[in-house]
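>>> predicted model follows, preceded by the sequence.
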Amino acid sequence: MTPPEDSVRADTWIWCVRLVKTRSQATEACRAGHVRLNGERIKPAHLVRAGDEIRFRLAGRERIVIITKVLRKRVGAPVAAECFVDHSPPVPRDPTPAVAVRDRGAGRPTKRDRRVLERLRDQPRPPGPL
């Protein structure tokens with residue numbers, strides 16, 4: 001039995017509009033229960049239509065999209081952006097980086113102080129002798 005022309009598998013549509021990088025990621029998200037269609041958890045083969053709302057979690061972020069156009073093949077990013085309306089909450093900004101404060105006149109930092117500062121900055125140690 002072939003699906004109607006106005007519907008497509010959920011995992012295929014999520015992959016076609018570039019919400020995930022691979023179709024297997026979309027399939028795994030559906031199987032794990034991270035994808036909801038109009039509030040209901042769905043399987044990868046569930047059919048979606050224009051007007052449906054898809055909510056899914058990926059990498060700790062929730063995406064909420066409403067389908068405006070059904071696709072069967074993967075398309076470029078500009079075309080894919082026209083196929084859904086994104087109602088996702090904004091991406092949280094990273095907190096401001098920690099700033100190390102040294103007392104004036106405290107002299108040069110010791111090796112231990114320098115290592116602490118590097119850890120704060122998430123910088124690897126420079127190559128060379130210790």
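Received the coordinates, thanks. Residues are numbered from 1 along each chain as shown.

>>> so which bits of the longest helix anywhere in the chain are buried?
Ranked by number of residues, the top helix in the chain under DSSP state H is helix 111-121. Of the residues in helix 111-121, none count as buried by neighbour count, 16 or more other CB atoms under 10 Å. Placement of C-beta: from N, CA and C, glycine included.

>>> find the least confident helix or strand in this structure, judged by mean pLDDT.
helix 111-121 (a mean of 84; mean pLDDT, DSSP states H and E).

>>> and the residue of the chain most remote from its centre, what does it touch?
No residue in the chain has its C-alpha farther from the mean C-alpha position than residue 105, which lies at 46.3 Å (CA atoms, centre = their mean). By CB atoms under 8 Å, 6 or more residues apart in numbering, the contact list for residue 105 is empty.

>>> what about residue 92, distance to residue 49?
32 Å (CB to CB, to the nearest Å).

>>> and those two? which has more neighbours close in?
More crowded of residue 92 and residue 49, by other CB atoms under 10 Å: residue 49, with 13 against 8.

>>> helices along the protein, start to end?
So, for the chain - with DSSP H - the helices run 10-16, 23-31, 77-81, 111-121.

>>> turn those helices into a markdown table, columns for distance to residue 39.
Shown next, in a markdown table, are these (distance: least, CB to CB, whole Å):
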| stretch | distance to residue 39 |
| --- | --- |
| helix 10-16 | 14 |
| helix 23-31 | 15 |
| helix 77-81 | 24 |
| helix 111-121 | 44 |
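
>>> of the ones you listed, which is nearest residue 62?
In terms of CB to CB, the element of the helices of the chain nearest to residue 62 is helix 23-31, at 11.8 Å.

>>> I'd like the average pLDDT over that closest one.
Averaging pLDDT along helix 23-31 yields 93.
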